[in-house]
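Engineer: Below are the sequence and a predicted model; questions follow.
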Amino acid sequence: MSQARSSVARLLMIAWWVAAALAPALAGVGCARKRATADQAPAPENALPAMLHVSNSNWSDVRIYLVRSGSWLRLGLVTTNGAADFEIPPDFLRQAGNVTLVASPVGGRTVYSTSLAGIMPGDELELVVEGFLQYSHLVVR
């Protein structure tokens with residue numbers, strides 16, 4: 001039984017030494033974190049997302065996607081007679097000529113799509129999805 005106590009004591013001593021050796025390193029990690037200041041420069045304009053507001057007047061819920069080079073990014077779902085706000089990531093805007101905005105009604109066979117050519121970081125877009133998809137429109141502000 002004394003051998004078990006000495007083993008436990010030895011393990012506790014090793015744990016204490018490891019903790020004592022790591023304490024200064026771990027304390028420095030918390031202090032090294034950079035704090036935001038009031039006079040800090042704002043984010044560069046090309047890093048800002050574009051904001052998309054979607055109003056859905058369609059009879060069906062609508063899924064909103066961005067399509068670039070064959071890859072689809074789902075922004076979200078807008079319910080019938082509802083509205084939602086989405087951010088278009090800045091990396092999609094860098095190649096805006098190749099990006100398409102798609103509104104796809106749930107359970108529908110047709111979609112509304114429009115190119116985002118000329119969209120700049122910080123732009124505000126408003127997509128109105130109408131009852132008849134062909135009458136839907138995008139406004140850039």
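Structural biologist: Ah, there it is.
Engineer: Span of stretch 101-120 from start to end?
Structural biologist: For stretch 101-120, the first-to-last residue distance is 14 Å (C-alpha to C-alpha, to the nearest Å).
Engineer: now stretch 78-98
Structural biologist: 24 Å.
Engineer: Report whether R10 is found in a strand, as I expect.
Structural biologist: No - assessed with DSSP: H, G, I helix; E, B strand; the rest coil, R10 is helix; it does not lie in a strand.
Engineer: Just the pLDDT at it, thanks.
Structural biologist: pLDDT for R10: 70.
Engineer: And for it, the neighbour number?
Structural biologist: 10 (other C-beta atoms under 10 Å). Glycine gets a C-beta too; all of them are placed from N, C-alpha and C.
Engineer: got it, and A50?
Structural biologist: The tally of other residues near A50 (other C-beta under 10 Å) stands at 21.
Engineer: Domain ranges for the protein, per the record?
Structural biologist: Domain assignment for the chain by automatic domain parsing gives 1-34, 46-140.
Engineer: lowest-confidence stretch among those?
Structural biologist: domain 1-34 (a mean of 59).
Engineer: ranking the domains of the chain by burial, who's on top?
Structural biologist: Of the domains of the chain, the one with the most neighbours on average (mean count of other C-beta atoms under 10 Å) is domain 46-140, at a mean of 15.
Engineer: Could you list which residues are in contact with the closest residue to T79 other than its chain neighbours?
Structural biologist: Counting by C-beta to C-beta, 6 or more residues apart in numbering, T79 lies nearest to D61, which is 5.1 Å off, once chain neighbours are set aside. If a contact means C-beta atoms under 8 Å, 6 or more residues apart in numbering, then D61 has 77-80, 105-106 as its contacts.
Engineer: Tell me the spacing between D61 and T114.
Structural biologist: Between D61 and T114 the distance is 19 Å, computed by C-beta to C-beta, to the nearest Å.
Engineer: Show me the helices in the chain, by range?
Structural biologist: In the chain, the helices defined using DSSP state H lie at 2-31, 90-93.
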